[in-house]
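[1] Below are the sequence and a predicted model; questions follow.
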Amino acid sequence: MKIDKKQKNDFKDNGYLVIKKLINKKLIKKLQKTIIDRSKQYLNSPKNFKNFYDKSFHSSLINLKKKNPTRFGSLYDSLQKCLELYSIILDKKLLSKISKLSKLPTGNISFNGENIRMDLPHDKLHYVDWHQDRAYYFQNRDGNKGLVCWIPLMNMKKNLGPLKICEKSHIDGFISNYKKSRKKNFSTQRKIETKKKYKIINNNVEEGDAFFLSKNTIHASGNNTSHLLRFSLQVRIHDLMDPNYLSFRHSIIYNQSDIKIMKKKRINISDIEKISI
C-alpha cells in the first residue's frame, strides 16, 4: 500500500491523515493478548476472558484502578516495553508510511514517546487537553519535522473517545504561549486555547487504523463516556539528521509498588537503585 499524491496533499493541507486498516490485525491481536495475559497477574483471576472486548475484563481493570491504583500503575508500566508494542511500531508498512509522509529516509528517523494508553471511563486525571506535541517533545525545533502516529487498539465509536483533531491547525505553526500546568497525579498540560477557530475531527475508528499528525497539529484526548477502557498506541517521530537535533536519553525508573511487594516477599533487592516515580 503506497502513499498516493492525494494522501500526501491531504496530510500537508489538513495536518493529519487517517489510513484505514494499515496495521495487520494479527499484530493487533497479539498485543491485545499480551495485555490480557499480563493483566491476569494483577487481577489474580484464572478466568479466561472471551476477547479484548469482554466487559468483565474491562470492569475488572476499572475496579483494580479504583481499589489499588498503585498496582494498576505497575500493570501500565510493565506493558510499555513489551515486544508486541514494538512489533507494531517497527512494522515495515507503518515505517514506509511514516517515511513517505515525514519525507525522512528510515535511517533519519528517531522516535520516542511510544506508549500504550489505557484511558478509563470519565478519567480526568490523564485526559490531555488541546495541545501540540511540539510543546512536549523538543528533539526538533521545527514541529513540521517528523510527525505523531496514533493507532487505536480497539474499535472506537464516539462514546469510547477517538482522538480529537483540529483540522488545518498546523498552518499556524508552533504556538509557544501555551498554558502550562501540573497538578499532583494529573497529566502535565500544555493547553492551547482553540477559540473555536478550527473544524474538529472526531470520527469513529477501528483497530488497525493509523492516524498521522504534524507535531504542530492541535489535538486532544477523546472523551471516554463508555463502560470500557480505551486502549491506543502512540509514538512520536523526529528527524535524527537535523543539525539542531536535541539528543536525549531515558533513565530506567523502577516501579515502587513492585519494589514494596518484593520486600514483603523478602526478596533481596539491595542491588536495585531506588528511584521514586
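    That came through, no problem.
[2] How about the secondary structure of Phe174?
    Per DSSP: H, G, I helix; E, B strand; the rest coil, the secondary structure class of Phe174 is coil.
[3] ok, now which ones touch it?
    Gln132, Arg134, Ala135, Gly143, Asn216 (Cβ atoms under 8 Å, 6 or more residues apart in numbering). (Glycine included, C-beta is placed from N, CA and C.)
[4] Show me which pair in those is furthest apart.
    Spatial extent of the contacts of Phe174 (Cβ to Cβ) is set by the pair Ala135 and Asn216 at 9.6 Å.
[5] which one of these two has more residues nearby?
    Taking neighbours as other Cβ atoms under 10 Å, Ala135 and Asn216 compare with Asn216 leading, 23 against 20.
[6] what residues are up against the more buried one?
    By Cβ under 8 Å, 6+ apart, the neighbours of Asn216 are Gly15, Gln132, Arg134, Gly143, Asn144, Ser169, His170, Asp172, Gly173, Phe174.
[7] what do you get for Asp119?
    His126, Tyr127, Gly161, Ser221, Gly222, Asn224, Leu229, Arg230, Phe231, Ser232.
[8] mind running it again at 6 Å?
    Asp119 sits next to Asn224, Arg230 when contact means Cβ atoms under 6 Å, 6 or more residues apart in numbering.
[9] backbone phi and psi for Arg190, please?
    Note on Arg190: backbone dihedrals following degrees, to the nearest 10 are phi -120, psi 70.
[10] Give me the spatial nearest neighbour of His250, chain neighbours excluded.
    Distances taken as Cβ to Cβ, 6 or more residues apart in numbering place Asn112 nearest to His250, at 7.5 Å, with adjacent residues excluded.
[11] what's the spacing between that neighbour and Asp13?
    Applying Cβ to Cβ, to the nearest Å, the value for Asn112 to Asp13 is 27 Å.
[12] Over to Asp37?
    Counting by Cβ to Cβ - Asp37 and Asp13 are separated by 43 Å.
[13] now this structure, which segments are flagged as low pLDDT?
    1, 46, 185-186, 273-277 (pLDDT under 70).
[14] swap the cut-off to 80 and go again
    1-3, 45-47, 182-187, 194-195, 273-277 (pLDDT under 80).
[15] quick one, helices of it?
    With DSSP state H as the criterion, the chain has helices at 5-14, 25-43, 55-67, 69-79, 83-89, 92-102, 256-264.
[16] what separates the third one from the chain centre, distance-wise?
    Centroid separation between helix 55-67 and its chain, computed with Cα atoms, centre = their mean, to the nearest Å, is 20 Å.
[17] can you list contacts of it?
    With Cβ under 6 Å, 6+ apart, helix 55-67 has contacts from Leu43, Phe49, Phe72, Leu120, Leu228, Leu229.
[18] residue contacts, the last one?
    Counting by Cβ under 6 Å, 6+ apart, Leu229 makes contact with His58, Leu61, Met118, Leu120.
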